[in-house]
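Q: what follows is a protein structure lacking sequence information:
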């Protein structure tokens, strides 16, 4: 992709994200107190998008954003009232714009004629006269004539709702007026709506500039005078003083912050460099150690130690800071899902209450992008097949409205995201019967309910007759599971018949540099991501028991399944009486991986194994350590799954 | 002496476009302001032969800027052109009433803007 096109895409994506946030804010507030600044900000974002796409010659996006701009102009001028339909329509068209931009990414162009016509029709069907209010004579003409049509509308709207209009004159030094004026406008915006800021040079000392600030507020003149100072006069008194004061706007317009947009690829490259520097740091540490062994504690050796420690500390700081930059709040994804849930539930005629928790939880930007699709799948699944129709819910004594809860929280080095619905839950008996029919479990073998439910994640399981119950739309849950596994995460499901289901996704916070435990099996060394490990223990082989083909070890009274890494990968090892068990967990389940030796902790950068090894399972990638030594990183999820499936069923610790 | 034109526009891309159109004319130097506030700070720094401004800007709008320029004896002689996407006839009328020489609607053709600039500076 050319740099300019890349820039264009990045800027339009940012703008569309902004637009979506504004529409969400409008959706939250339109029934009570809608903030005109939000509508105006949305109008401006679409306006900028139009200008930008016009400049880059994308006619479709230009025309569609132009149509949107006209609609929003009518809305901000009060010609079209904001209703639920309007909010839905705005969401829908932001989606159209997004998919048009996505098409540009792939050098395609979408035909948007239908959407543009839809907007025109929608607009003309809703336009209404807002009724005129004569303001000439109420306010000085010199102020009135500088108001744009939008500002005049805001002035009238405020007078109509019974707010007073005030004028404040402020004189500042020309060199510093912008910062002082910014402080004053903040104070004014806290009291009401700023309508006009008219600069003037009359009656001011040389080197100064004055501003006439006109604003509307529901506050009393005396109260405002106390807050803002003496230079205040009232231009229009409230029309109906009995009117209850309007609800104070809680959300202020998004202020511009001192931030820059950084391409995630650039951050990837920085992390890569940090990864390579980490290797160099390890080499310095090793040389320092070897020097101290050879030359004892000479001043040179002490210096070397000191510098290697500083290097280590600074590298860790640098790495933490870069990782911090990559973090984004889960709320960004939730708001996209909220939009889908809202629109889609209306399409299929189900009333859904959506609850969001933990939107501030942060995770790596690349991961955030990757989990949108799996999450979207889970959400649509809940909507389509989890939550029953209103009639069915009523029949079963449930609330007519279904509920979907999206919850995110941090748990150690993981981010957990849950999708919960209060629908009908998964019919375990149906899944069991299907699994038997497909030969996934032997006819005479019984499995625990929990393990039966997990079969929905098996590839090819989602066949037509159970699709309506568990997987929906024919897209298997195996795709979701596979995706999460590729990201170093995993998914679990908890379901109660007629009560609902919770799908829990557990993900590492970042995919970049991770801490790993290096272990040795025979002559081979492996790395196990620390995020998957709960503890390591030494165990005597004689304490391992075999129960129904399963190797197990009783740990604190609970049965822990045991897998030997040497057996999994057919590695020859010397006969030993004891081994180390690295206890790895996937969700609430755990198992012990037997290894010969534990080398220690190490920071690693996981590199892909490339196309040639694509079919090889059991490894998440490779990492380089020490003296250009390359070792394989174990993919705990896939190892556990394969081995445990062979062993039939897993117990809990 | 090369004449200077002040471009007041909050969209960086539109600013760049207007600058390119003026650069093509070869006769003028351009100075850019990303907001009305910036324009107020730049105005005393040199002699401008023309101000081109947008209407819809976040701090002070283009009409307020025009009113300020026309009511300040030091600047009142400077001709003004409004370049805006505002389709509103109302805003156009107000801009002209406040003393703007011309109103160019975005998106504009390069030669249209060039013609309006030439005429505004000569007249």
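A: Thanks, I have the structure now. Note that this is a predicted model, so its numbers are computed, not measured.

Q: surely residue A:153 touches residue A:75?
A: No - under the criterion of Cβ atoms under 8 Å, residue A:153 is not in contact with residue A:75, lying 10.8 Å apart. Any C-beta I mention is one placed from the backbone N, CA and C, and that applies to glycine too.

Q: who's more crowded, those two?
A: Taking other Cβ atoms under 10 Å in any protein chain shown, residue A:153 and residue A:75 do not tie; residue A:75 has more neighbours (23 against 19).

Q: which of the helices or strands spans that one?
A: helix A:59-76 (DSSP states H and E).

Q: list the buried residues in that helix.
A: By 16 or more other Cβ atoms under 10 Å in any protein chain shown, the buried positions in helix A:59-76 come out as A:60-76.

Q: quick one: name the residues of chain B near chain A.
A: With Cβ under 8 Å from any Cβ of the partner chain as the criterion, chain B meets chain A at residues B:11, B:13-14, B:17, B:36-37, B:40-41, B:44, B:55-56, B:58-68, B:71-72, B:74, B:85-88, B:90-91, B:94, B:97-98, B:106-107.

Q: type out the PyMOL command that picks the buried ones from those.
A: Applying 16+ other Cβ under 10 Å to the residues of chain B next to chain A, the buried members can be selected in PyMOL as follows:
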select buried, chain B and resi 11+13+14+17+36+37+40+41+55+56+59+60+61+62+63+64+65+66+67+68+71+72+85+86+88+91+94+98+106
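
Q: among the residues of chain B next to chain A, which ones are in helices?
A: Residues of the residues of chain B next to chain A located in helices (DSSP state H): B:13-14, B:17, B:36-37, B:40-41, B:62-68, B:71, B:90-91, B:94, B:97.

Q: any low-confidence regions in the stretch 51-200 of chain A?
A: Along the stretch 51-200 of chain A, segments meeting pLDDT under 70 span A:128-133.

Q: which ones are touching the nearest residue to residue A:284 once chain neighbours are set aside?
A: Spatial nearest neighbour of residue A:284, chain neighbours left out: residue A:308 (4.6 Å); criterion: Cβ to Cβ, 6 or more residues apart in numbering or on different chains. Neighbour list for residue A:308: A:281, A:284-285, A:288 [criterion: Cβ atoms under 8 Å, 6 or more residues apart in numbering or on different chains].

Q: out of those, flag the one nearest to chain B.
A: In terms of Cβ to the nearest Cβ, no member of the contacts of residue A:308 lies closer to chain B than residue A:281, at 41.4 Å.

Q: what is the neighbour count of residue A:543?
A: Neighbour tally, residue A:543, other Cβ under 10 Å: 12.

Q: check residue A:302 too.
A: With neighbours defined by other Cβ under 10 Å, the count for residue A:302 comes to 12.

Q: quick check, pLDDT for the residue nearest to residue A:264 when sequence neighbours are not counted.
A: Sequence neighbours aside, residue A:365 is the residue nearest to residue A:264 in space, at 5.5 Å (criterion: Cβ to Cβ, 6+ apart). As predicted, residue A:365 sits at a pLDDT of 82.

Q: so residue A:365 touches residue A:329, yeah?
A: No - Residue A:365 is not in contact with residue A:329 according to Cβ under 8 Å; the separation is 10.5 Å.

Q: which residue lies nearest the spatial centre of chain B?
A: residue B:52 (0.9 Å; Cα atoms, centre = their mean).

Q: touching, it and residue B:15? I think so.
A: No - taking Cβ under 8 Å as the definition, residue B:52 is not a contact partner of residue B:15, at 9.6 Å.

Q: shared neighbours, those two?
A: With Cβ under 8 Å, 6+ apart, residue B:52 and residue B:15 have common neighbours B:7, B:9.

Q: need the contact list for the nearest residue to residue A:496 once chain neighbours are set aside.
A: Spatial nearest neighbour of residue A:496, excluding adjacent residues (Cβ to Cβ, 6+ apart): residue A:425 at 5.3 Å. Residue A:425 makes contacts with A:386, A:495-501, as judged by Cβ under 8 Å, 6+ apart.

Q: do that again at 6 Å, thanks
A: A:495-501 (Cβ atoms under 6 Å, 6 or more residues apart in numbering or on different chains).

Q: make TSV out of these and add neighbour count, secondary structure and distance to residue A:81.
A: Putting these into TSV (neighbours: other Cβ atoms under 10 Å in any protein chain shown; DSSP: H, G, I helix; E, B strand; the rest coil; distance: Cβ to Cβ, whole Å) gives the following:
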residue	neighbour count	secondary structure	distance to residue A:81
A:495	23	strand	43
A:496	12	strand	44
A:497	13	coil	45
A:498	13	coil	42
A:499	12	coil	41
A:500	23	strand	37
A:501	24	strand	39
